[in-house]
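K.L.:
need a 3D model of the following:
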Amino acid sequence: MWPLLLLRAAVLSAALLAVVEADGAYDVLNIFSPRSESDYFHNAFQGKQEQAVPRGGGGGEQQELVATSGGASGLTRAPPRSAPSKVALDSVTLPADTSAGFAGAWSVVSENSGVSAMHMVVMRHGKAVMFDTSTTGRSLMRLPAGGCRPDPRNKRPGAMDCWAHAVEFDYNTAALRSLKIVTDTWCSSGAFDADGNLVQTGGYFEGEKAVRYLSPCGSCDWKEFPKSFAEGRWYGTQHVLPDGGFILIGGRRAFSYEFVPPPGQANAKAMPLRLLRETTDDVENNLYPFVNLLPDGTLFIFVNDRSVVFDYRTGQVVRELPTLPGGARNYPASAMSALLPLDLRRGASLSAEVIICGGATKNAFKLGENNTFPPALRDCARINPSKPGARWALDQMPLGRVMGDMLILPTGDLLMLNGAAKGCSGWGFGRQPVLSPVLYSPHQPRGKRFRALAATGVPRMYHSTSAVLPDATVLVAGSNTNTAYNFSSVDFPTEVRVERFTPPYLSPQLAATRPAIDAASVPGDGMRYGSKFTFRFATPAQAVGQRDVKVTMYAPPFTTHGYSMNQRLLILPVTAFAAQGQGHTVTVDPPPKPELAPPGYYMVYVVAKGVPSKAAWVKVHK
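P.N.:
Residues are numbered from 1 along each chain as shown. Modelled structure (predicted):
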């Protein structure tokens, strides 16, 4: 009797799934039906209405304007913070490992960025762009007079929103310029095109099918096309392709992928991706998929605990990879992930490995709804997706981490920072902020890959971001675990402070030995696939030989929700090296094909005896 009942249940489930897949009727099963937006801010609301005005500092039109070094007239003063709560004080700090010397340093570069950085990118004109969402109401930065946006979610007819939800931030001077976003960018995605323009996709409400463009210039603003996609893309991942175009994968209740259409055009339909439907669950632990372009032009796609190699050109799964056990890794479980540096010096033996670290138990979000916060996952796993019979190789971090950021540094080491030791992503679902960054050295043997660095004093929880800068330091911003800009009477106040982290390789003791690229020697027409690339650099205080030097190129990512989309670093073969006094001429072989480095602007560094130069922006193209 029982086997028959189980068989019938299995047949019924398969039939229901087939119906869902055939006609998109997402209400057939609970996990395929839309959830209300309040499901994702359960703890933040605590039964109260969403707060529309920043607390703690005299909101409304009486907010005090403050001057900045850039003269941003719309910036209002950040309200005072209340004393840290018991929950906020329950943080995690590791002893800094100084056995190898300098363990890094933190500094605050701005007390008020105007907008909390839910999303962040570094653009080639010396600015970072930070933006959040119009859902949370007012920011601390007004739009210019006459520049208000219509507010489609306000019940009052003709209501306008006069607060900026995006800013351009000069990371050298802290100057701010407001940017005007019309459609909601909440939990959206992005990447750079071949000319260094930000192409930004998806979001919430009127922004879920939008494509937005922002060019790198001192007066540029967003251009938006709100009806570009066939399906809404909220919590989706955008990845650049070898031809310079983009694929957009997943999103809430979007078990499919699309290609970003040309400006002003719209997709008629999306292509189904069965993996996305198979890996969803009752809390959707498959949002913001981890996606990486592999050297053969296929894509590595990881969702929840499963991954495949996918050929987007044919729409076929090339290879299914083993399950990564232990929990979930994508939003809201929110592990860290990156493609390890591609060392082109290895030639035909080039290995493309993916790393995934941390995350949460699959039920962490459900437990969080009952104010229970399980420990974050501690494991760190690597795999070579293109290798037949590939298996995950596991390591252990010094502590568990969820909602962290993972950045590839110019040296090829990885930096893990931000996040929490308990809970998962979501407003109010994380506990125990982790204040210590950890350096990961991928070529060291197991047991010696992790090094705890100097801790920050600023908790960076949900909606925090970070970015590698051209000067090889790290910009860190954001953190808003609340439904509005709350600065008091909450465990984790909204963060508008911006920090800079100086990694160990920029120790003050090494400052005199730092290499410097001669900007005038960098070819103005950029770097062409397969052609030699020659430039000069100087090392005034030390002598270096060819074996002491490596040249790396870094694709600046789009960072949000703990994932840096499109991040990749390549180590280039040095084919000629000549010393000329304190100066040196170096020739490298660029990537031979766009599958290794899609067209666009990269930061090129010289690393001499482990110390990186400031970067030169170089356009890579045919």
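
K.L.:
now the strands for the stretch 501-622 of the chain?
P.N.:
516-517, 527-528, 533-538, 549-555, 558-560, 563-565, 568-572, 574-580, 583-588, 600-608, 611-612, 616-621 (DSSP state E, counting those that start in this stretch).

K.L.:
ok now the last one, how far from the chain's centre?
P.N.:
If you compare the mean C-alpha spot of strand 616-621 with that of the full chain, they lie 21 Å apart, counting by CA atoms, centre = their mean, to the nearest Å.

K.L.:
using PDB, write out the CA atom coordinates for that strand.
P.N.:
Provided in PDB are the C-alpha atoms of strand 616-621 (Å, rounded to 0.1, in the frame of the first residue of the first chain):
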ATOM      1  CA  ALA A 616      46.700  52.000 -15.100                       C
ATOM      2  CA  TRP A 617      43.300  51.700 -16.700                       C
ATOM      3  CA  VAL A 618      43.700  49.800 -20.000                       C
ATOM      4  CA  LYS A 619      41.100  49.000 -22.600                       C
ATOM      5  CA  VAL A 620      41.200  45.400 -23.900                       C
ATOM      6  CA  HIS A 621      39.800  44.900 -27.300                       C
END
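
K.L.:
who are the packing partners of it?
P.N.:
strand 527-528, strand 600-608 (3 or more CB pairs under 8 Å, 6 or more residues apart in numbering; DSSP states H and E). (C-beta placed from N, C-alpha, C; glycine too.)

K.L.:
what helices or strands is the first one leaning on?
P.N.:
Strand 527-528 sits against strand 616-621, with contacts defined as 3+ CB pairs under 8 Å, 6+ apart.

K.L.:
middle-most residue in this structure, spatially?
P.N.:
By CA atoms, centre = their mean, the chain has its centre lying nearest to Thr559, at 2.1 Å.

K.L.:
which residue, other than its chain neighbours, is closest to that one?
P.N.:
Thr465 (4.7 Å; CB to CB, 6 or more residues apart in numbering).

K.L.:
any idea which helix or strand carries the one you found?
P.N.:
Thr465 is part of strand 464-468 when elements are defined by DSSP states H and E.

K.L.:
what's the local residue count around the residue lying closest to Pro503 once chain neighbours are set aside?
P.N.:
Leaving aside its chain neighbours, Pro503 sits nearest to Gly104 (5.4 Å; criterion: CB to CB, 6+ apart). Gly104 has 25 neighbouring residues, counting by other CB atoms under 10 Å.

K.L.:
in contact with Gly104, which residues?
P.N.:
Going by CB atoms under 8 Å, 6 or more residues apart in numbering, Gly104 touches 96, 437, 453-454, 501-504.

K.L.:
kindly report the same for Ala270.
P.N.:
Residues near Ala270 by CB under 8 Å, 6+ apart: 229-231, 254, 256-258.

K.L.:
can you name the residues that contact the nearest residue to Leu506 once chain neighbours are set aside?
P.N.:
Excluding its sequence neighbours, the residue lying closest to Leu506 (CB to CB, 6+ apart) is Ala472, at 6.3 Å. Remark: with contacts taken as CB under 8 Å, 6+ apart, Ala472 is in contact with 409-410, 503, 505-506, 605, 612-615.

K.L.:
quick one on the thing from earlier: ok, so of the contacts of Ala270, who is nearest Tyr331?
P.N.:
Ala254 (13.5 Å; CB to CB).

K.L.:
ok so, going back, Pro80 is nearest to which of the helices and strands packed on strand 616-621?
P.N.:
Shortest distance between Pro80 and these, using CB to CB, is found for strand 600-608: 38.0 Å.

K.L.:
what pairs with Trp163 across the strands?
P.N.:
Trp163 has these beta-bridge partners by DSSP bridges: Arg142.

K.L.:
what score does it have for pLDDT?
P.N.:
pLDDT recorded at Trp163 is 95.

K.L.:
so where's this structure shaky on pLDDT?
P.N.:
Along the chain, segments meeting pLDDT under 70 span 1-73.

K.L.:
give me that answer again for 80
P.N.:
Flagging of the chain using pLDDT under 80 yields the residue ranges 1-73, 348, 542, 581.

K.L.:
re earlier: need the helices and strands packed on strand 616-621 in CSV (columns: distance to Ile181).
P.N.:
Shown next, in CSV, are the helices and strands packed on strand 616-621 (distance: least, CB to CB, whole Å):
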stretch, distance to Ile181
strand 527-528, 33
strand 600-608, 23
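
K.L.:
tell me which of those sits nearest to Val402.
P.N.:
strand 600-608 (28.7 Å).

K.L.:
and the closest one, which strands flank it?
P.N.:
strand 549-555 (antiparallel), strand 611-612 (antiparallel), strand 616-621 (antiparallel).

K.L.:
how is Val109 assigned, secondary-structure-wise?
P.N.:
At Val109, secondary structure determined by DSSP: H, G, I helix; E, B strand; the rest coil is strand.

K.L.:
ok, it - contacts?
P.N.:
Going by CB under 8 Å, 6+ apart, Val109 touches 171, 174, 475, 498-500.

K.L.:
now distance to Ala393, secondary structure and neighbour count too, for the residues you listed, in TSV please.
P.N.:
Shown next, in TSV, are these (distance: CB to CB, whole Å; DSSP: H, G, I helix; E, B strand; the rest coil; neighbours: other CB atoms under 10 Å):
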residue	distance to Ala393	secondary structure	neighbour count
Tyr171	36	coil	21
Ala174	42	coil	18
Leu475	31	strand	23
Val498	36	strand	24
Glu499	33	strand	20
Arg500	33	strand	18
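
K.L.:
now, which of these sits nearest Met565?
P.N.:
Leu475 (16.8 Å).

K.L.:
beta partners for the closest one?
P.N.:
Assessed by DSSP bridges, Leu475 has beta-bridge partners Ala467, Arg500.

K.L.:
is Gly358 in contact with Arg378, as I believe?
P.N.:
Yes: the pair Gly358 and Arg378 qualifies as a contact (CB atoms under 8 Å) at a distance of 7.2 Å.

K.L.:
where along the stretch 251-400 of the chain do the strands fall?
P.N.:
With DSSP E, counting those that start in this stretch, the ranges of strands along the stretch 251-400 of the chain come out as 256-259, 271-272, 290-293, 299-303, 306-311, 316-320, 336-339, 342-343, 354-357, 379-383, 393-396.

K.L.:
Gly583: which of those strands is closest?
P.N.:
That would be strand 342-343 among the strands of the stretch 251-400 of the chain, by CB to CB, at 26.3 Å.

K.L.:
what's in contact with the closest one?
P.N.:
295, 350-352, 412, 568-571, 596.

K.L.:
derive a ChimeraX selection command for the buried subset of these.
P.N.:
Selection command for ChimeraX covering only the buried members of the contacts of strand 342-343, criterion 16 or more other CB atoms under 10 Å:
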select :352,412,568,569,570,571,596
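
K.L.:
now the closest residue to Ser507 other than its chain neighbours: phi and psi?
P.N.:
Distances taken as CB to CB, 6+ apart place Phe102 nearest to Ser507, at 3.5 Å, with adjacent residues excluded. Main-chain torsions, Phe102, degrees, to the nearest 10: phi -50, psi 130.

K.L.:
so Phe102 sits right up against Ala511, yeah?
P.N.:
No: counting by CB under 8 Å, Phe102 sits too far from Ala511 to count as a contact (10.7 Å).

K.L.:
returning to that earlier point: any idea which of the strands of the stretch 501-622 of the chain is most buried?
P.N.:
Among the strands of the stretch 501-622 of the chain, ranked by average contacts under mean count of other CB atoms under 10 Å, first place goes to strand 558-560 (a mean of 29).
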